[in-house]
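Enquirer: got a predicted structure plus its sequence, pasted below:
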Amino acid sequence: MRASNFGKACAAIAAGACLVILAISDSSQAQTKAGEKSKAGQSKVQIKQVERGKYLVTIMSCNDCHTPFKMGPKGPEPDMSRMLSGHPEQMKLPPPPKVDMPWMGAYNATDTAFAGPWGVSYAANLTPDQNTGLGIWTEDMFLKAMKLGKHMGTSRDIAPPMPWNWVGKATDEDLKAIFAYLKSIPPIANHVPDYEPPKGPPPGAPAPPEKAAPKKK
């Protein structure tokens, strides 16, 4: 009788263990499936695209201009707490120093403002902030901006030193990956100053062609 009860107890324990194993297995499978979706509900394809974009933004040195620099123990270094947020809006700059040829231009301490024959340009806020960054940009606007060199794809020319003419040679797939990554990073509210065009023609620029005199009737 005792042996019978002992056998029943062992069977019950074994059955319970099996249920535990099955539960763990189901949980593991559920976690695996959940892992295919990001916290934002992204698919594996979208996650891979964002990872590709992050890689491209990193090796293309976008942080060199669009992330403000700060002074570190070994000199200037990017302030990653303001990653890709552009020229700090609270940094009001005096008129740029006059630079004579063969020197081309000057840049400020945060490496986000650049003065030269093109005027004064400021590194844009590339975070997805709705009001001051890429929040309202569409993928199509971004591709056109990089391929045509036009702000928001349609307006003014993108000024130096932004190398849009080289970035725009990337494949559409890579440009879309870059945009997907930029839309995934934390938004930072930072209103970058507007571009300041040059006052007069750039030094050394060829004179504009003279208008032909009107023909006499």
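Expert: That came through fine. Since the structure is predicted, the reported quantities are computational estimates derived from the model, not experimental observations.
Enquirer: helices of this protein, start to end?
Expert: Using DSSP state H, the helices of the chain run over 2-35, 44-59, 63-66, 139-148, 164-167, 172-184.
Enquirer: for these, which has the smallest mean pLDDT value?
Expert: Ranked by mean pLDDT, those bottom out at helix 2-35, with a mean of 48.
Enquirer: got the contact list for the spatially most central residue of the chain?
Expert: With distances taken as C-alpha atoms, centre = their mean, the chain has residue 182 as the residue nearest its mean C-alpha position (3.7 Å). By C-beta atoms under 8 Å, 6 or more residues apart in numbering, residue 182 lies in contact with 53, 57, 84, 126, 127, 128, 134, 142. The C-beta positions use only the backbone N, C-alpha and C, and glycine is treated the same way.
Enquirer: for the third one, which non-adjacent residue is spatially closest?
Expert: In this case it means residue 84. What sits nearest to residue 84 in space, not counting adjacent residues and going by C-beta to C-beta, 6 or more residues apart in numbering, is residue 126, at 4.2 Å.
Enquirer: what's the pLDDT at that neighbour?
Expert: Model confidence at residue 126 (pLDDT) stands at 98.
Enquirer: how close does residue 76 get to residue 67?
Expert: Residue 76 sits 11 Å away from residue 67, going by C-beta to C-beta, to the nearest Å.
Enquirer: of those two, which one has the most company?
Expert: It is residue 67, of residue 76 and residue 67, that has more neighbours when counted by other C-beta atoms under 10 Å, with 23 against 13.
Enquirer: quick one: the more buried one and residue 169, what's the gap?
Expert: For residue 67, the distance to residue 169 - C-beta to C-beta - is 23 Å.
Enquirer: quick one: the contacts of residue 182 as a markdown table, columns for neighbour count too.
Expert: A markdown table is the format used below for these (neighbours: other C-beta atoms under 10 Å):
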| residue | neighbour count |
| --- | --- |
| 53 | 22 |
| 57 | 20 |
| 84 | 27 |
| 126 | 27 |
| 127 | 23 |
| 128 | 19 |
| 134 | 22 |
| 142 | 21 |
